[in-house]
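**Q** sequence unavailable; structure follows:
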Ligand code: G6P
Ligand code: MG
């Protein structure tokens with residue numbers, strides 16, 4: 001019996017990849033690296049630290065900066081990103097998300113956010129979704145990021161439900177892998193060919209038909 005649904009945030013509940021891209025592009029320019037939207041696709045669902053390393057590698061300068069310098073670069077990127085998302089409101093929530101949360105709430109099903117982003121609590125608050133969310137995983141509280149199952153297992157653990165009684169919803173390949181590794185049912189949001197490891201794939205959150213599962 002499904003008792004909890006764990007949602008990724010970026011690309012599932014709202015669109016932030018444009019803001020992440022803008023902030024990474026500005027940071028990459030500072031170190032003389034060019035990135036485009038195709039490259040940005042590979043950063044979806046990837047942690048801040050790993051994204052920076054991927055960008056430096058893309059520019060052939062991985063190893064040029066010390067850990068301390070990389071921390072500063074990440075700080076700059078995040079400051080700019082925070083500025084870009086400071087205008088987010090409930091208007092940024094994808095169509096169908098609130099209706100889905102209400103559907104789950106009425107049925108007593110718990111809702112968690114399992115995002116790699118440390119900005120998730122800020123966005124949830126800005127988009128006025130706090131009332132629906134029982135728990136937001138802090139990625140710093142788990143050992144391994146996606147595709148490891150840790151983030152999803154942490155949510156199940158805190159909510160007090162078995163992983164097999166959870167559904168995970170994700171738009172990134174690493175996220176689908178994490179859900180499956182956690183032993184949960186995986187709903188993919190996006191392209192079925194890309195997210196082939198998901199149990200079922202929908203084009204958007206608005207299309208999810210929970211009545212077939214719950
Ligand atoms: C999500 C996004 C990634 C982002 C990561 C960390 O997974 O898809 O693009 O790098 O979160 O986000 P943060 O807000 O903590 O830098
Ligand atoms: Mg995502």
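**A** That came through fine. In this text, all values refer to a predicted model and were calculated from it rather than measured experimentally. Ligands and ions are numbered 1, 2, ... in the order given.

**Q** pLDDT-wise, which helix or strand of the chain ranks last?
**A** Least confident element among the helices and strands of the chain, by mean pLDDT, DSSP states H and E: helix 37-41 (a mean of 91).

**Q** show me what that helix is packed up against.
**A** helix 17-30 (3 or more C-beta pairs under 8 Å, 6 or more residues apart in numbering; DSSP states H and E). Using the backbone N, CA and C atoms, a C-beta is placed for each residue, glycine as well.

**Q** how far off centre is the helix it packs on?
**A** Here helix 17-30 is found 17 Å from its chain centre; the criterion is C-alpha atoms, centre = their mean, to the nearest Å.

**Q** residues making contact with the least confident helix or strand of the chain?
**A** 17, 20-21, 24, 58 (C-beta atoms under 8 Å, 6 or more residues apart in numbering).

**Q** what's the nearest residue to residue 62 if we skip its chain neighbours?
**A** Among residues not flanking residue 62 along the chain, residue 56 sits closest, at 4.4 Å (C-beta to C-beta, 6 or more residues apart in numbering).

**Q** same question, residue 103
**A** residue 210 (6.1 Å).

**Q** that neighbour and residue 151, how far apart?
**A** 22 Å (C-beta to C-beta, to the nearest Å).

**Q** that older thread, how about whichever helix or strand comes after the least confident helix or strand of the chain and ligand 2, any contact?
**A** Scanning forward in sequence from helix 37-41 by DSSP states H and E, the next helix or strand is helix 48-58. No: judged by C-beta under 5 Å from the ion, helix 48-58 and ligand 2 are separated, with a smallest distance of 12.6 Å.

**Q** mind listing what's buried in helix 48-58?
**A** 48, 51-56, 58 (16 or more other C-beta atoms under 10 Å).
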